[in-house]
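Trainee: return atomic coordinates for the entry below.
(2 chains)
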Amino acid sequence: MINKIWFFIIAFSVAFAATNGRLELLNQEIFASLKSSLDLSLGLLGSMMLWCGLLKAAEKAGLVEKLSSIIRPAVGLLFRDIPAGSAAMGAMIMNITSNMLGLGNAATPLGLKAMTELQKLNRGRETATNAMCQFLVINGAPICLIPSTVISIRASLGSSNPGAIIIPSIISSAAAITVGVICCKVMEGIGGNTR
Amino acid sequence: MSIVIPFIILFILTYGYARGVTVYDAFIEGAREGMDITLKIFPYIVAMLLAVGMLRASGGLSLIAFIMKPITFALKIPEEILPLIIMKPLSGSGSLGVLADILKKVGPDSLIGIIASTIMSSTETIFYTITVYFGSIGIKNIRHTLWAAIIADIAGIIAAIAICSRMFQ
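Mentor: All right, here's what the predicted structure looks like:
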């Protein structure tokens, strides 16, 4: 998918620039973009090291487990058809918590584990369950308490207040999740209920 | 707001220290991971800044923004952030490059820069996640997942625009 998009953006740009006489501008931009990639990545490097370092300390101190116990009741309410103490519930909670702390590397394996456990409850069928759909929708707008990458990129581009986006992001995610969960609940009934 | 970050740092380190974590070693270990991540996404940033830069320089971006005008106008979406909205559901590292491009153009502290940053951190790569997660367990019929996720994504974007416009005007 990205392969096609990337190719067509570049092919279209060259063709379009050729038709409207912007080839000279295009040529300058190619080399300007390489320079700005380098500047950006160098700036990003320091900031990413700071946040990943801090988050590693948080991970080792058990902040993930702590946060898990706080969000457990809310997740239980959203997934009423999944047993509270099940491996599926445990993996989903850990995945959501990792996302909250911006630990993307930890979140994906936990998410895949959660899907495997949900599939066991589905007895291996090829149709998604309500819980799976809802889990993915929640994953699509993770509430992130420390969006380290975005903060880093803002800092590296000279923002005077890189963290200003934390609170609006949390509210936006919460809005997206609310709408998504309502959509799931409404659409579950339509098109045949599977569990 | 700018006082938040020093306190986050203090909180995490104090929490770890009180629990007997060797915070210095943990920091070094994590920082090394951060370095690896940055090096890993560096080629993606080059690829995306190149593609988006070329699209802009050729005039193609203005053309797309012009075509999408009825939609962006109706939803009050600033046209500068259009490339991000299109890229974000598809690719995390790709959209990071697009975000960097936008922030460089409008400034990270401008209203549009803040909206773009908020959208970046409050939405996810839904197409990618859905493909990988369902693919990993052999689900063929994903039912309403994609539609619900797209509607949630749009709701998040609208919320980001509304909240940031109110908070940072």
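
Trainee: so what's the residue nearest the centre of chain B up against?
Mentor: Centroid-nearest residue in chain B: residue B:120, 2.1 Å away (criterion: CA atoms, centre = their mean). Shown in contact with residue B:120 (CB atoms under 8 Å, 6 or more residues apart in numbering or on different chains): A:147, A:150, B:84, B:88, B:95-96, B:99. Bear in mind the C-beta positions are built from the backbone N, C-alpha and C, glycine included.

Trainee: now, which of those residues lie within helices?
Mentor: Under the assignment DSSP state H, those contribute A:150, B:84, B:95-96, B:99 to helices.

Trainee: in PyMOL, select just the buried ones from the residues you listed.
Mentor: Filtering these down to the buried ones (16 or more other CB atoms under 10 Å in any protein chain shown) takes a single PyMOL command:
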select buried, (chain A and resi 150) or (chain B and resi 84+95+96+99)
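
Trainee: relative to residue B:145, which of the ones in helices among the contacts of residue B:120 is nearest.
Mentor: residue B:95 (20.5 Å; CB to CB).

Trainee: follow-up on the earlier one: for the contacts of residue B:120, give me TSV that also has pLDDT.
Mentor: Shown next, in TSV, are the contacts of residue B:120 (pLDDT from 0 to 100):
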residue	pLDDT
A:147	90
A:150	93
B:84	93
B:88	89
B:95	90
B:96	90
B:99	95
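
Trainee: what's the farthest-apart pair in those?
Mentor: A:147 and B:84 (14.5 Å).

Trainee: related to what we said a few turns ago, now do the SS call for the residue nearest to the centre of chain B.
Mentor: State at residue B:120, reduced to three classes by DSSP: H, G, I helix; E, B strand; the rest coil: helix.

Trainee: quick one on the thing from earlier: and which of the ones in helices among the contacts of residue B:120 is nearest residue B:136?
Mentor: Distances from residue B:136 to the ones in helices among the contacts of residue B:120, taken by CB to CB, are shortest for residue B:95, at 22.5 Å.

Trainee: the longest helix anywhere in chain B close to chain A?
Mentor: Of all segments of type helix in chain B, defined using DSSP H, the longest is helix B:23-57. Yes - Helix B:23-57 is in contact with chain A by CB under 8 Å from any CB of the partner chain, via B:23, B:26-35, B:37-38, B:41-42, B:45-57.

Trainee: quick one: contacts for residue B:95?
Mentor: Counted by CB under 8 Å, 6+ apart, residue B:95 has contacts B:48, B:84, B:87-88, B:120, B:125.

Trainee: ugh, wrong one, I meant residue A:34
Mentor: Residue A:34 neighbours (CB under 8 Å, 6+ apart): B:46, B:49-50.

Trainee: check residue B:111 too.
Mentor: B:164-165, B:168-169.

Trainee: check which residues of the helix or strand just after the longest helix of chain B are buried.
Mentor: Note on helix B:23-57: by DSSP states H and E, the next helix or strand toward the C-terminus is helix B:60-67. Buried residues in helix B:60-67, counted by 16+ other CB under 10 Å: B:60-61.
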